[in-house]
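**Student:** sequence unavailable; structure follows:
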């Protein structure tokens, strides 16, 4: 099974990049590949992951450990599972500092309390001594973010950081990530299936479908004038969800069909069976990336061969 295929992507310093797509399209696999955290049965057969000009795929595991947490960090979509249930959360945040920053236990405790205050806790010492089961979902997510930014990483990869939170908490977490970017110049890659999050939060957005990036560009431009048929369908869904009230019986637009079986081999465009604008060539071969506009590319025959 080919989970990712022909990914071409860059993340710029201090930018927020949204990686958007439905479940199973390869978003989290892409993040795991960048961090060298793919499962044992997975293989990268070609390509490179360049970090400051060096290919992370060629790093030994010992060197990757020095980069994870210190230079590139990760926010899990399941904070309840990523936190150790038998350790107080302060010690778990402190473990990151202990691994990367020489310090005494007193210095680490002070630094952890600063981090907990930075992510919005008014009583950081109380939170420090709490266990994960004593915290709400939003509080656990804040702890995970504090853990992820402890060493001021240059890149933060956030995997569905707001997916299980209510509207108010979602806004708070998004605001927190924005402040971290402003204060420390951190680049953020946010993985999500929510188009509205990318539209309001990200500087650029990459649309993923069946292991490929099918469109990439400035968020405002992509959501104002989506080019790829898949992007247009997602934007239509997002607009309908924003204007429809809770009591409406309006039928939302939908993308007909199902996502392709990742174990099946296809010679054409992976979106072709579901595309209302498909052409004969779409079933015969896979389209190449084309740039119909500066700083924007799309993977579709409508814009070039």
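**Tutor:** Here it is on my side, so go on. A quick note: this is a predicted structure, and the numbers were derived from the prediction, not measured.
**Student:** which residues in the stretch 51-200 of the chain form strands?
**Tutor:** All strands of the stretch 51-200 of the chain, identified by DSSP state E, counting those that start in this stretch, fall at 54-55, 72-75, 155-159, 187-192.
**Student:** centre of the chain to the third one, how far?
**Tutor:** So that's strand 155-159. Here the centre of mass of C-alpha atoms in strand 155-159, compared against the chain's by C-alpha atoms, centre = their mean, to the nearest Å, lies 6 Å away.
**Student:** same deal with the last one?
**Tutor:** In terms of C-alpha atoms, centre = their mean, the centre of strand 187-192 is found 4 Å from the chain centre.
**Student:** residues in contact with that strand: which ones?
**Tutor:** With C-beta atoms under 8 Å, 6 or more residues apart in numbering as the test, strand 187-192 has contacts from 11-20, 27-28, 30-31, 77, 154-163, 177, 180-181, 197-198, 201-202. C-beta coordinates here come from the backbone N, C-alpha and C atoms, glycine included.
**Student:** got the end-to-end distance for stretch 201-214?
**Tutor:** In stretch 201-214, first residue to last residue: 20 Å (C-alpha to C-alpha, to the nearest Å).
**Student:** give me the mean pLDDT for it.
**Tutor:** For stretch 201-214, mean pLDDT is 95.
**Student:** ok, residue 82 to residue 193 distance?
**Tutor:** As defined by C-beta to C-beta, to the nearest Å, residue 82 lies at a distance of 19 Å from residue 193.
**Student:** revised request: answer the last question for residue 59.
**Tutor:** Applying C-beta to C-beta, the value for residue 59 to residue 193 is 30 Å.
**Student:** any stretches of the chain with poor pLDDT?
**Tutor:** Judged by pLDDT under 70, the chain has its weakly predicted residues at 164, 241-253, 305.
**Student:** ok, and what's touching the biggest helix by length in it?
**Tutor:** The helix of greatest length in the chain, counted in residues with DSSP state H as the criterion, is given as helix 167-184. Counting by C-beta under 8 Å, 6+ apart, helix 167-184 makes contact with 14, 16, 118-120, 137-138, 141-142, 145, 149, 152, 156, 158, 161-162, 165, 186-188, 190, 197, 200-201, all of which sit outside it.
**Student:** same check, this time on stretch 260-280
**Tutor:** 1-3, 24, 209-212, 214, 228-230, 255-258, 282-287, 299-302.
**Student:** cool, stretch 53-60 as well?
**Tutor:** By C-beta under 8 Å, 6+ apart, the list of residues contacting stretch 53-60 from outside reads 34, 36, 44, 47-50, 64, 67.
**Student:** I'd like to know which of those residues are buried.
**Tutor:** Restricting those to buried positions leaves 34, 36, 49, 67, with burial counted as 16 or more other C-beta atoms under 10 Å.
**Student:** pretty sure the third one contacts residue 31?
**Tutor:** Think residue 49. No. Counting by C-beta atoms under 8 Å, residue 49 stays clear of residue 31, with 11.1 Å between them.
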